[in-house]
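In: Fold the following.
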Amino acid sequence: MSETQKNTPEAAKGQGAAGTPASRIRMVIFGILAVIGLVWGGIKVFRSFSYVETDNAQIEGDIYPVIPRVPGKVVEVTVRDNQRVAKGDVLIRIDPSDYQIRRDMAEAALMSAKAAVSAAKASITAASASATKLEADLRRSRNLQQKDVISKSELDAAQAGATASVAQRAAAGDQYEASLAQVKLKEAELKNAELQLSWAEITAPAAGRISKKNVQPGQYVAPGQQLIAIVGSSDLWVVANFKETQLEHMRPGQPVIITVDAFPGKEFKGHVESISAGTGAKFTLLPPDNASGNFVKVTQRVPVKIVFDQKPDAPLAAGMNVIAEVKVK
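Out: From the prediction side, this is the model:
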C-alpha cells in the first residue's frame, strides 16, 4: 500500500474510532469488572481454605409431645394452632366423671379400712383384759388346787381358759396389723384415683407454641396417643450434616456463619458445640452393613450441632433450611 493510500480519509476515520470516549469508557468498565471478578474470586479461594460449608442443615428445637395418660372423651380443647403457651397451662380436658366416682369410692374404702382399725384396736383391748382376768383366775386356781379346795379338772379348765385368752389376744393383734395394712392399701388406691382424676386435665409440659394439633371436643382418646406437639420456645440450634471429608480441621468452639433461607442476606453468628459420635446412616432404621453384599463406598455425613451466640432477632422456626459455614483456619 502506498503512502497516499495510508493517508486517505477512510484510514484516518478508522484510526480515530479506536480513540473515541465511548471506547475508552468501555475499556474502563471492562477493567473494573475484571478487578471485581479477581477480588471476588480471591475472596472465594481464601474462604475455601478457611471455611467449610454445607447447605444440608436445618434449625432444630425441642419438640414436646402432648399425650394423655388416661382414656376418655374430650370435653374441651383450650388452645389454637400456633398459640403460645406457658408450662402448666391447661390444654385439654377429658370428661372427669368416671374418675371422680373412682375417687369417691376410694375415699369410702379408706374410711371403712380406718373403721376396721378402730374395731381391731378395741378387740385388742378386750382380749387383753380377758387374758389378764383369766391369768389371775389361773393363779388362784393353782393355789386352791394345792390346798385340795378344787379338783384337778377345775384347774385344767382354768388353764385352758388362760391359754385361749392369750391366743385371742394374739389374734386380735394380728387383725390389727392386717387392718393397718388395709389402710395403707386404701390410701394408695385413693392417691391413685386422685392422680388419675388430675390427669383428666392435660397441661403443657413446657413453654412453646402449639403445633400439629389433631384433637377436637367429643373425640375419644387413649393413653399414648399424641394429640398436640409443642415446639419449645426457649432454645433453637442448628444441626448441620457435613461430609466426613470436611471434618479434618473442625473442632468444638469454632465460629460459624449461619444463613437462613427464609431471611436471605441476613447472617447469624454461632459456634460449633459438638460433633456427633456416629454418622447419620448409623442411626437409621436399617443401617448399612458393609460386611454383607456388594460394597460401594459412599461419603458419609456426620451431624454437627451448632448453637447461636445470641438469641436470634428473627422469627426462626424448627425445620428451616440454613447454610452453615464453619471457620476451621
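In: Could you list the buried residues of stretch 117-133?
Out: Neighbour-count burial for stretch 117-133, counted by 16 or more other CB atoms under 10 Å, picks out 117, 120, 123-124, 127, 130-131. No exception for glycine: its C-beta is placed from N, CA and C like everyone else's.
In: Where does pLDDT dip in the stretch 1-150 of the chain?
Out: 1-19, 42-48, 137-138 (pLDDT under 70).
In: try 90
Out: Scanning the stretch 1-150 of the chain for pLDDT under 90 picks out 1-51, 117-150.
In: what's the spacing between residue 170 and residue 116?
Out: From residue 170 across to residue 116, the span is 18 Å (CB to CB, to the nearest Å).
In: Could you give the bridge partners of the residue nearest the centre of the chain?
Out: Centroid-nearest residue in the chain: residue 64, 5.3 Å away (criterion: CA atoms, centre = their mean). Beta-bridge partners for residue 64, by DSSP bridges, are residue 230.
In: residues touching it, list them.
Out: Residues in contact with residue 64 (CB atoms under 8 Å, 6 or more residues apart in numbering) are 204-206, 208, 229-230, 232.
In: repeat that for 6 Å
Out: Contacts for residue 64 (CB atoms under 6 Å, 6 or more residues apart in numbering) come out as 205-206, 230.
In: Most neighbours among those, please name it.
Out: When neighbours are counted by other CB atoms under 10 Å, residue 230 leads the contacts of residue 64 with 26 neighbours.
In: Could I get the full set of helices for the chain?
Out: All helices of the chain, identified by DSSP state H, fall at 3-6, 9-17, 21-50, 97-146, 152-198.
In: who's in contact with the closest residue in space to residue 60 that isn't next to it in sequence?
Out: Distance criterion CB to CB, 6 or more residues apart in numbering; nearest residue to residue 60, sequence neighbours excluded, is residue 239 at 5.0 Å. Going by CB under 6 Å, 6+ apart, residue 239 touches 60, 303, 305.
In: Quick check: phi and psi on the residue lying closest to the second one once chain neighbours are set aside?
Out: I take that to be residue 303. Distances taken as CB to CB, 6+ apart place residue 276 nearest to residue 303, at 4.2 Å, with adjacent residues excluded. Torsion angles at residue 276 (phi, psi; degrees, to the nearest 10) stand at phi -60, psi 150.
In: separation between residue 276 and residue 247?
Out: Here residue 276 is placed at a distance of 10 Å from residue 247 (CB to CB).
In: Residue 115 now?
Out: Distance of residue 115 to residue 247, computed by CB to CB: 72 Å.
In: Tell me which of those two has more neighbours.
Out: Ranked by neighbour count (other CB under 10 Å), residue 115 and residue 247 place residue 247 first, with 16 against 12.
In: Quick one, grab the pLDDT at the more buried one.
Out: The per-residue pLDDT reported for residue 247 equals 92.
In: which non-adjacent residue is nearest it?
Out: Excluding its sequence neighbours, the residue lying closest to residue 247 (CB to CB, 6+ apart) is residue 302, at 6.1 Å.
In: burial count for that neighbour?
Out: By the criterion of other CB under 10 Å, residue 302 has 20 neighbours.
In: That one is in contact with residue 280, isn't it?
Out: No. Between residue 302 and residue 280 there is no contact under CB atoms under 6 Å: 7.3 Å.
In: sorry, back to before: between the contacts of residue 239, which is closest to residue 199?
Out: For the contacts of residue 239, the minimum distance to residue 199 (CB to CB) is 29.8 Å, reached by residue 60.
In: if we can go back for a sec, could the contacts of residue 64 go into JSON lines alongside distance to residue 158 and pLDDT?
Out: Output for the contacts of residue 64, formatted as JSON lines (distance: CB to CB, whole Å; pLDDT from 0 to 100):
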{"residue": "205", "distance to residue 158": "71", "pLDDT": "93"}
{"residue": "206", "distance to residue 158": "75", "pLDDT": "91"}
{"residue": "230", "distance to residue 158": "78", "pLDDT": "93"}
